[in-house]
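Student: here is my input, please return the structure:
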Amino acid sequence: MTKATNDFGELGERIAARWLERGGYRVLARRFRAGRRDIDLVVERDGLVAFVEVKARTGELFGDPVEAVHRRKQHSLTRSAQVWIGRHGRDGEHYRFDVIGVLLKEQKVFVRHVQSAFPAAVA
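Tutor: Numbers count the residues shown, from 1 in each chain. Okay, the predicted model is just below:
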């Protein structure tokens, strides 16, 4: 991954975090690492913790950014979430996996938030 790609990914994550905060979420972690895997954002609102994968694009040439989270990535996110829960989880919390697509197109920013984007087998 090049520095430019990494910087663009970080920009997408910052945009997504701000968007979520405006929606009443509290950011608990950014780029939580569990071994080689990471979770872009861990956010909480009303006792629900969402593990958020952020996909940023500059156009739609490669499709909707939200559709880029395939089964292998879902499995990786689930394993990382289990580590996060083991370290930071609290009784009574509920969990889900969200995906946020950030599309930067013609000087405009479009954000698409898909809640419960795939089933979670964590607790």
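
Student: now Ala17. Nearest residue, chain neighbours left out?
Tutor: Using C-beta to C-beta, 6 or more residues apart in numbering and skipping residues adjacent in sequence, the residue nearest Ala17 is Val27, 5.3 Å away. Bear in mind the C-beta positions are built from the backbone N, C-alpha and C, glycine included.

Student: biggest helix in this protein by residues?
Tutor: If you go by DSSP state H, the chain has its longest helix at helix 3-22.

Student: before we move on, the earlier item: burial check on the residue nearest to Ala17, number of neighbours?
Tutor: For Val27, the number of neighbouring residues by other C-beta atoms under 10 Å comes to 15.

Student: equivalent analysis for Asp46, please.
Tutor: 7.

Student: next one, pLDDT for it please.
Tutor: In this prediction, Asp46 carries a pLDDT score of 93.

Student: ok, it to Gly24 distance?
Tutor: Distance from Asp46 to Gly24, counting by C-beta to C-beta, to the nearest Å: 8 Å.

Student: likewise for Asn6?
Tutor: For Asn6 relative to Gly24 (C-beta to C-beta), the value is 29 Å.

Student: buried residues in the least confident helix or strand in the chain by mean pLDDT?
Tutor: Ranked by mean pLDDT, DSSP states H and E, the helix or strand of the chain with the weakest confidence is helix 3-22, at a mean of 88. Across helix 3-22, burial judged by 16 or more other C-beta atoms under 10 Å covers Phe8, Gly9, Gly12, Glu13, Ile15, Ala16, Ala17, Trp19, Leu20.

Student: please name the spatially closest residue to His113 (chain neighbours excluded).
Tutor: Nearest in space to His113, with sequence neighbours left out and distances taken as C-beta to C-beta, 6+ apart, is Ile100 at 5.1 Å.

Student: isn't that neighbour right next to Arg57, touching?
Tutor: No: applying C-beta atoms under 8 Å as the test, Ile100 and Arg57 come out as separate, 11.8 Å apart.

Student: report the contact partners of Arg57.
Tutor: The neighbourhood of Arg57, defined by C-beta atoms under 8 Å, 6 or more residues apart in numbering, consists of Pro65, Gly101, Val102, Leu103, Leu104.

Student: I'm done for today, thanks for sticking with me.
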